[in-house]
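Chemist: below are the sequence and a predicted model; questions follow.
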Amino acid sequence: MVKKPTIFDPGDGMIVSEVGTWASEKHARVQRYIEIASDTRRKYVPPPAWHAGAAYIELFSGPGRSLIRNTKRIIDGSPLVAFKAAQASVPFTEMHLNDVDASNSSAVEMRIRALGGVPTCYSDPADVAVDKIVSALNPSGLHFAFLDPYNLEGLSFDIIRKLSKLKVDMLIHVSVQDLQRNLDDYSRPGGVFDTFAPGWSAHVDRNQAINSFRAALMKYWMTEIRKLGTMPAKGVELIVGSKGQRLYWLVFVSAHGLGRKLWEAIRDPMKQTAMDL
């Protein structure tokens, strides 16, 4: 397979990732949630010294800047969007950013530092980084995690389980395209669904129509999330492409009613389709 050429941002000379036009929509949700949750976040930010902190977490951070595919437009990635949104309201006390690609991790760290931030960056598999991050954070703080994996294979349920030990709101990107395109491979014994939604095969009929299978799998996945003591918000937002193709779901998860209330106030800012499972 031919390796894609590395792309650089002419503005700072560092690498960028390549994303679809819809990436800006995910970032809009991240930005708006950080803004609207600022008053709540302020209650956890020192001083006084006993306040337990409010961290921002990403396990699939990318390099911090991205080129929109088939254009010359370069945009901020979610870590920079999050940092700037918090700086304009109530800054996070910590930023924990991970990308398995060390060059991405290095680039995002340099970009955040250039803006005056002091992130803690890792270049580990997500299931390794999450252990380090959970250990580093005060479980009594109020944290926000954006889980934006490259595919379903990266979204192990163990990641969500481990993060749920913290007081954390999570915005999770679940790729509909990946689920549908690789349905047969992922649903085989030992396949991706076994780590994405452990135990699914005992509760979901794999022989039903694709749409029904997909809905049943997601319903089971969210039921398992509820068992962790946290709760998905009512609206599971379906983002579609310019030709109406289903791209991904955005699922907001919080153990606290206020977090879910705030999400309900801001979801679907670009008039995309929403669906409840």
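Modeler: Arrived safely.

Chemist: elements contacting the strand or helix carrying D169?
Modeler: Assigned by DSSP states H and E, D169 belongs to strand 168-175. The contact analysis (3 or more CB pairs under 8 Å, 6 or more residues apart in numbering; DSSP states H and E) places strand 168-175 against helix 23-36, strand 143-147, helix 157-163, strand 246-254. (Glycine included, C-beta is placed from N, CA and C.)

Chemist: which residues of the stretch 101-250 of the chain fall in helices?
Modeler: 102-114, 126-136, 157-163, 176-181, 183-186, 192-196, 210-226 (DSSP state H, counting those that start in this stretch).

Chemist: which of those sits closest to Y150?
Modeler: Y150 sits nearest to helix 176-181 of all the helices of the stretch 101-250 of the chain, at 8.8 Å, using CB to CB.

Chemist: what's the average pLDDT for that closest one?
Modeler: Regarding helix 176-181, the rounded mean pLDDT is 91.

Chemist: now do stretch 65-84
Modeler: Per-residue scores along stretch 65-84 average to 97.

Chemist: contacts for it next, please.
Modeler: 7, 9, 11-12, 14, 16-21, 23-24, 26-27, 30-31, 34, 56, 58, 61-64, 92, 95, 97, 107-108, 111-112, 115, 117, 119, 144, 146, 148 (CB atoms under 8 Å, 6 or more residues apart in numbering).

Chemist: mind doing that once more with 7 Å?
Modeler: Under the criterion CB atoms under 7 Å, 6 or more residues apart in numbering, residues 7, 9, 16-21, 23-24, 26-27, 30-31, 34, 56, 58, 61-64, 95, 97, 108, 111-112, 115, 117, 146, 148 lie in contact with stretch 65-84.

Chemist: low-confidence stretches in the chain?
Modeler: 1-3, 268-277 (pLDDT under 70).

Chemist: tally up the residues packed near the nearest residue to M222 once chain neighbours are set aside, please.
Modeler: Once flanking residues are discounted, M222 sits nearest to P232: 4.9 Å by CB to CB, 6 or more residues apart in numbering. For P232, the neighbour count with other CB atoms under 10 Å is 22.

Chemist: over to Q180?
Modeler: For Q180, using other CB under 10 Å, the count is 15.

Chemist: what sits against it?
Modeler: 210, 214.

Chemist: would you mind measuring from it to W221?
Modeler: 15 Å (CB to CB, to the nearest Å).

Chemist: V128 now?
Modeler: 22 Å.

Chemist: which residues does the most centrally placed residue in the chain bridge with?
Modeler: Centroid check for the chain by CA atoms, centre = their mean gives L147 as the closest residue, at 2.0 Å. Note on L147: beta-bridge partners by DSSP bridges are I172.

Chemist: now do H96
Modeler: Bridge pairing for H96 - DSSP bridges - gives I57, T120.

Chemist: list the contacts for the residue lying closest to A129 once chain neighbours are set aside?
Modeler: What sits nearest to A129 in space, not counting adjacent residues and going by CB to CB, 6+ apart, is N98, at 3.8 Å. Contacts for N98 (CB under 7 Å, 6+ apart) come out as 58-59, 61, 105, 122, 124, 126, 129.

Chemist: hmm, 10 Å instead?
Modeler: 57-61, 104-105, 108, 120-126, 128-130, 132-133 (CB atoms under 10 Å, 6 or more residues apart in numbering).

Chemist: for Q87, see how far away it is.
Modeler: Distance from N98 to Q87, by CB to CB: 21 Å.

Chemist: which of the helices and strands packed on strand 168-175 sits most buried?
Modeler: Each of those was scored by mean neighbour count; the highest is strand 143-147, a mean of 24, by mean count of other CB atoms under 10 Å.

Chemist: then that strand to PDB, C-alphas only?
Modeler: The C-alpha trace of strand 143-147 is given here as PDB (Å, rounded to 0.1, in the frame of the first residue of the first chain):
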ATOM      1  CA  HIS A 143     -13.400  16.400  33.800                       C
ATOM      2  CA  PHE A 144     -14.400  16.400  30.100                       C
ATOM      3  CA  ALA A 145     -13.300  13.700  27.600                       C
ATOM      4  CA  PHE A 146     -13.700  13.800  23.900                       C
ATOM      5  CA  LEU A 147     -13.400  10.300  22.400                       C
END
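
Chemist: what separates that strand from the chain centre, distance-wise?
Modeler: 6 Å (CA atoms, centre = their mean, to the nearest Å).
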